[in-house]
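Give me coordinates for this.
(one chain, ligands or ions: 2)
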Amino acid sequence: STSPHIPYMKQCLSLAEKSPPRPTNFRVGAVLISRKDNDPTFTDDRILSTGYTMELAGNTHAEQCCFANYAAVHKVPDDQVGEVLPVEPGRKLVMYVTMEPCGKRLSGNAPCVQRITGTTEGGREGIHKVYFGVKEPGTFVGESEGCRMLTQAGIEWEHVGGLEKEILNVAFAGHENAEEEVRAALGKKETNIDDV
Ligand SMILES: Nc1nc(=O)c(N)c(NC[C@H](O)[C@H](O)[C@H](O)COP(=O)(O)O)[nH]1
Ligand SMILES: [Zn+2]
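Ligands and ions are numbered 1, 2, ... in the order given. Have a look, this model is predicted:
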């Protein structure tokens with residue numbers, strides 16, 4: 001039986017496919033969920049928001065758009081999304097993303113890990129756990145820092161395996177030598193986190 005995370009990773013992949021291909025970033029999709037504790041088949045999940053790379057104007061990331069979409073619906077500025085995320089006893093917030101959230105961005109814009117940890121400010125629960133389909137390839141920032149930074153902030157993360165090839169093909173679609181980069185990323189140790 002496939003893991004219950006796979007359908008969500010496939011939903012993120014479908015979102016990523018909506019992203020306009022660019023050589024300067026990756027095409028990524030993200031889904032924000034409210035999940036009931038001790039609900040192993042996720043029957044009581046609530047999808048709060050979705051996002052994909054460059055869905056919103058400017059050089060925007062999937063996770064950034066996911067939060068911004070939620071903030072817009074709740075009529076607050078993006079940086080106040082933490083204040084309108086639901087806090088419900090017996091439920092937790094989790095995010096699915098096709099790629100490990102960025103810990104650094106070449107553009108210098110706020111990395112998504114910072115946006116995720118920002119939801120836990122002011123003693124709010126915020127995002128409890130992040131599920132991602134691949135580690136960030138080294139294309140732009142070399143060794144990725146996302147997972148390490150999430151751990152440092154006390155936010156759990158987990159690699160959901162099985163869709164790496166599909167996720168990377170979509171992520172790299174706008175790159176000059178996409179096929180080669182996908183092969184390299186698949187072959188590299190750090191992409192297959194399970195080998196670590
Ligand atoms: N998790 C994730 N979601 C995204 O939507 C996206 N585009 C990236 N991409 C990570 C990559 O490291 C940055 O795209 C480059 O570092 C360029 O930085 P900008 O995007 O221009 O800020 N990563
Ligand atoms: Zn990002």
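
Got the confidence number for the nearest residue to Pro137 once chain neighbours are set aside?
By the measure of Cβ to Cβ, 6 or more residues apart in numbering, the closest residue to Pro137 outside its immediate chain neighbours is Ala185, 4.1 Å from it. For the C-beta atoms, the positions are set from N, CA and C on the backbone; glycine is no exception. Ala185 carries a pLDDT value of 95.

Let me see the contact set for Met95.
Under the criterion of Cβ atoms under 8 Å, 6 or more residues apart in numbering, the contact list for Met95 reads 30-33, 63, 66, 116, 127, 129-131.

change it to 6 Å
For Met95, the contact set (Cβ atoms under 6 Å, 6 or more residues apart in numbering) comprises 32, 127, 130.

Any buried residues in the helix or strand containing it, and which?
Applying DSSP states H and E as the criterion places Met95 in strand 91-99. For strand 91-99, burial by neighbour count (16 or more other Cβ atoms under 10 Å) applies to 91-99.

can you check stretch 30-46 too?
30-35, 45.

quick check, nearest of those to Ala57?
Nearest to Ala57 among these: Ala30, at 17.2 Å, using Cβ to Cβ.

filter the buried residues of strand 91-99 by proximity to ligand 1?
Near ligand 1, judged by Cβ under 6 Å from any ligand atom, the entries from the buried residues of strand 91-99 are 97, 99.

Look up phi and psi at Thr120.
phi -100, psi 10 (degrees, to the nearest 10).

err, Arg35, not the other one
phi -120, psi 140.

So it versus Glu136, what's the distance?
24 Å (Cβ to Cβ, to the nearest Å).
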